[in-house]
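**Student:** kindly return the folded structure for what I paste below:
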Amino acid sequence: MTTGPTTDGEYRSIAGTETSVEAHEYDVVVIGAGGAGLRAAIAAHDAGARTAIVCKSLLGKAHTVMAEGGIAAAMANLWPEDGWKVHFRDTMRGGKLLNHWRMAQLHAQEAPDRVWELEAWGALFDRTKDGKISQRDFGGHRYARLAHVGDRTGLEMIRTLQQRAVALGIDVFMECTITALLTDGDQAAGQQRMAGAFGYWRETGKFVSFRAPSVVLATGGIGKSFKVTSNSWEYSGDGHALALTAGASLVNMEFVQFHPTGMVWPPSVRGILVTESVRGDGGILKNSDGERFMFGYIPEFFKAETADSEEEADRWYEDKKNNRRPPELLPRDEVARAINSEVKAGRGSPHGGVFLDIASRRSAEYITKRLPSMYHQFKELAGVDITAEPMEVGPTCHYVMGGVEVDADTTESRVSGLYAAGEVAGGMHGANRLGGNSLSDLLVFGRRAGDAAAAYASSLGDGVPAVDQAQVETATTAALAPFLIGGGENPYAIHHELQESMNDLVGIIRTAEEMQAALDKVAELRDRATRLTVVGDRPYNPGWHLALDIPNMLLVSECIAMAALERTESRGGHTRDDFPATDKEWGTINLIISLGADGSAGITRQPLPVMPDELKSIFDEEGSRS
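**Tutor:** Numbering: from 1, shown residues only. As a prediction, this is how the structure comes out:
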């Protein structure tokens with residue numbers, strides 16, 4: 001297991017510089033060590049590939065741990081009526097039917113096996129009275145289907161997968177950041193293929209390259225481009241930008257999910273996630289007038305299955321067959337918009353959110369047993385006892401539905417040998433992701449990515465492309481550039497201005513004027529970012545680390561604003577104040593972003609994959625039951 005710069009790697013001198021590059025060779029390199037990355041690495045290793053995991057942070061610190069509520073899988077442990085078709089239908093409806101149908105189908109069909117597999121590897125789950133894996137309610141899911149461990153499910157998943165990877169002897173390069181993908185072939189002609197990756201050790205600043213015909217991107221999301229976010233520092237859009245610059249395309253980048261419940265007070269913890277499990281376990285949302293306001297925000301699309309009175313909503317927790325679900329459990333995009341509207345109307349909480357109340361609904365014993373992390377989080381960070389008083393919550397940038405455009409079955413991008421799984425991949429969730437679908441997405445498509453990456457590497461035989469040293473030199477020069485410019489731009493100032501702009505101009509509610517202003521600001525910042533300056537030396541230099549992240553955040557932010565300006569309708573995680581209605585024609589179109597020969601981002605419209613009739617019939621069947 002590799003934990004830092006090694007002494008057995010080969011060091012090559014780079015012409016014209018005073019540095020060297022540590023070189024390694026594998027069949028499959030997985031970038032990212034969250035749920036998708038670990039599951040991909042395990043699959044690739046089990047398929048016989050020489051596999052390495054490269055992660056920006058420490059192993060076990062992946063953002064997957066923030067997915068607290070559970071793993072969505074139609075195991076039917078509580079409700080025999082549940083099954084993959086119902087889960088598929090819920091996922092598609094939650095994504096406003098803009099999902100890639102094949103990805104949603106595979107996800108719904110394979111998620112139960114991936115959960116049982118975790119259990120076989122040692123994962124602990126809460127149990128029903130008859131010993132089955134317990135499943136809880138979550139927004140947008142017809143039945144209770146989230147397998148969970150209290151409100152710490154993501155942490156248990158990472159613990160289990162990490163132990164599995166370590167036991168298998170998979171090499172892990174911790175605190176190692178990849179700054180460039182290395183390719184072989186003609187990118188302009190769309191004939192390039194993967195040759196490896198280039199990066200640096202965060203501890204020492206020394207460079208490292210990996211020769212590998214298969215690379216799996218599992219780098220997560222883009223939240224650090226926004227001021228208020230639940231995402232940790234690693235989420236700077238690295239995988240999205242790496243894929244785009246290597247010749248892959250991005251899809252659905254206009255759809256950014258603002259989780260409805262993040263902490264709002266004190267300011268130091270603003271944006272930290274408050275799990276949807278609070279609402280799944282009976283919590284309700286109230287405004288400053290004490291009104292349970294979600295009943296006033298039920299969209300026509302979900303009226304047939306949503307309770308329109310408090311009495312029916314409360315009965316649903318005990319009798320789901322004869323009652324409709326509470327409006328607090330509408331998909332996240334609907335709840336976030338409702339909270340935003342209440343605050344704007346002057347009915348918000350003292351610190352600019354609304355109240356989430358479970359104290360008046362459940363006993364203290366129930367709350368501390370089912371929601372131990374939330375109890376401690378509010379007690380320690382906000383001085384609030386959630387067993388005795390309501391929480392203040394508000395929307396926080398949480399997830400991007402857009403990502404690398406991939407083949408549904410193999411997760412391969414347009415670049416041969418480049419795969420993507422998890423949040424960095426687009427298509428699976430359409431316009432909005434349902435809670436709990438992220439963890440099952442990681443497992444299902446992480447495994448598929450690892451299998452496909454290993455198979456591709458094996459198919460090459462002796463024809464594995466070599467690392468182009470000219471590309472390594474270019475990457476080295478780019479990485480060192482901030483040290484060579486004196487009196488330039490401060491990376492922290494650039495990052496602050498970007499976050500302010502994205503938060504204010506490309507947030508929950510959008511207009512053409514604001515998004516154009518955001519694009520203008522990003523263009524200005526990209527120009528200034530060519531003159532970034534850092535001081536000090538390469539070891540332990542956070543300013544340098546941020547300087548290397550900023551180009552990725554700027555490129556991804558441009559893609560988000562560009563796609564959001566192009567889509568002249570409101571759908572899922574994309575709400576236009578100037579185009580408030582959902583447009584039927586837009587419901588058949590994906591927006592695809594790729595880089596042109598001059599390196600500039602361009603956008604094209606692409607027809608949504610056509611769903612087979614046998615899957616369309618699922619919606620007819622479900623509609624007749626509503």
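**Student:** ok, which stretches of the stretch 501-626 of the chain are helices?
**Tutor:** 512-529, 542-566, 613-625 (DSSP state H, counting those that start in this stretch).
**Student:** scratch that, the stretch 201-350 of the chain is what I was asking about
**Tutor:** Here the stretch 201-350 of the chain has its helices, by DSSP H, counting those that start in this stretch, at 238-246, 277-280, 310-316, 332-344.
**Student:** now the ones you listed as TSV including mean pLDDT?
**Tutor:** Output for those, formatted as TSV (pLDDT from 0 to 100):
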stretch	mean pLDDT
helix 238-246	98
helix 277-280	89
helix 310-316	93
helix 332-344	91
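**Student:** right, so of those helices, which gets closest to His63?
**Tutor:** helix 238-246 (12.4 Å; Cβ to Cβ). Any C-beta I mention is one placed from the backbone N, CA and C, and that applies to glycine too.
**Student:** chain center to the closest one: distance?
**Tutor:** 15 Å (Cα atoms, centre = their mean, to the nearest Å).
**Student:** so what secondary structure elements neighbour it?
**Tutor:** Counting contacts by 3 or more Cβ pairs under 8 Å, 6 or more residues apart in numbering; DSSP states H and E, helix 238-246 packs against strand 28-31, strand 176-184, strand 214-217, strand 250-251, strand 403-404, strand 418-420, helix 542-566, strand 589-595.
**Student:** shouldn't Val264 be in contact with Phe355?
**Tutor:** No. Assessed by Cβ atoms under 8 Å, Val264 is found out of contact with Phe355, at 10.6 Å.
**Student:** which neighbours do those two have in common?
**Tutor:** 349, 392-393 (Cβ atoms under 8 Å, 6 or more residues apart in numbering).
**Student:** which one of the helices of the stretch 501-626 of the chain lies closest to Asp333?
**Tutor:** Closest of those to Asp333 is helix 542-566, at 13.9 Å (criterion: Cβ to Cβ).
**Student:** quick one: the closest one to strand 176-184, angle?
**Tutor:** Relative orientation of helix 542-566 and strand 176-184, computed by axes from the mean of the first three to the mean of the last three Cα atoms, to 10 degrees: 60 degrees.
**Student:** which elements pack onto helix 542-566?
**Tutor:** When contacts are defined as 3+ Cβ pairs under 8 Å, 6+ apart, helix 542-566 packs onto strand 176-184, helix 238-246, helix 469-484, helix 491-505, helix 512-529, strand 589-595, strand 601-607.
**Student:** report the beta-bridge partners for Phe210.
**Tutor:** Counting by DSSP bridges, Phe210 is bridged to His24, Ala197.
**Student:** go on, Leu273?
**Tutor:** Note on Leu273: beta-bridge partners by DSSP bridges are Gly262.
**Student:** list the buried residues of stretch 161-178.
**Tutor:** 161-162, 164-165, 170-178 (16 or more other Cβ atoms under 10 Å).
**Student:** let me see the ranges of the strands in the stretch 1-150 of the chain.
**Tutor:** Ranges of strands within the stretch 1-150 of the chain are 10-13, 20-25, 28-31, 51-54, 71-72, 135-136, 146-147, based on DSSP state E, counting those that start in this stretch.
**Student:** to His87, which of these lies closest?
**Tutor:** Among the strands of the stretch 1-150 of the chain, the nearest to His87 by Cβ to Cβ is strand 71-72 (6.9 Å).
**Student:** so which elements touch the closest one?
**Tutor:** Short answer (3+ Cβ pairs under 8 Å, 6+ apart): strand 71-72 packs on helix 101-120, strand 146-147, helix 437-459.
**Student:** which strands border the second one, and is each parallel or antiparallel?
**Tutor:** Using DSSP bridges, the neighbouring strands of strand 146-147 in the sheet come out as strand 71-72 (antiparallel), strand 135-136 (antiparallel).
**Student:** ok so, going back, in TSV, list the helices of the stretch 501-626 of the chain along with distance to Ala382.
**Tutor:** Formatted as TSV, those follow (distance: least, Cβ to Cβ, whole Å):
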stretch	distance to Ala382
helix 512-529	31
helix 542-566	27
helix 613-625	41
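**Student:** highest average neighbour count across these?
**Tutor:** Of all those, helix 542-566 has the most neighbours on average by mean count of other Cβ atoms under 10 Å, namely a mean of 23.
**Student:** chain center to that helix: distance?
**Tutor:** In this view, helix 542-566 has its centroid 16 Å away from the chain centroid, taken as Cα atoms, centre = their mean.
**Student:** and the pLDDT for Gly394?
**Tutor:** pLDDT recorded at Gly394 is 93.
**Student:** typo on my end, it should be Glu10
**Tutor:** We have a pLDDT of 43 for Glu10.
**Student:** find the one among the helices and strands packed on strand 71-72 with the highest mean neighbour count.
**Tutor:** Of those, strand 146-147 is the most buried (mean count of other Cβ under 10 Å), at a mean of 28.
**Student:** what's the following helix or strand past that one packed up against?
**Tutor:** As assigned by DSSP states H and E, the chain's next helix or strand after strand 146-147 is helix 153-168. Under the contact criterion of 3+ Cβ pairs under 8 Å, 6+ apart, helix 153-168 touches helix 35-46, helix 101-120, helix 437-459.
**Student:** one more pass at 10 Å, please.
**Tutor:** helix 35-46, strand 51-54, strand 71-72, helix 101-120, strand 146-147, strand 171-173, helix 437-459 (3 or more Cβ pairs under 10 Å, 6 or more residues apart in numbering; DSSP states H and E).
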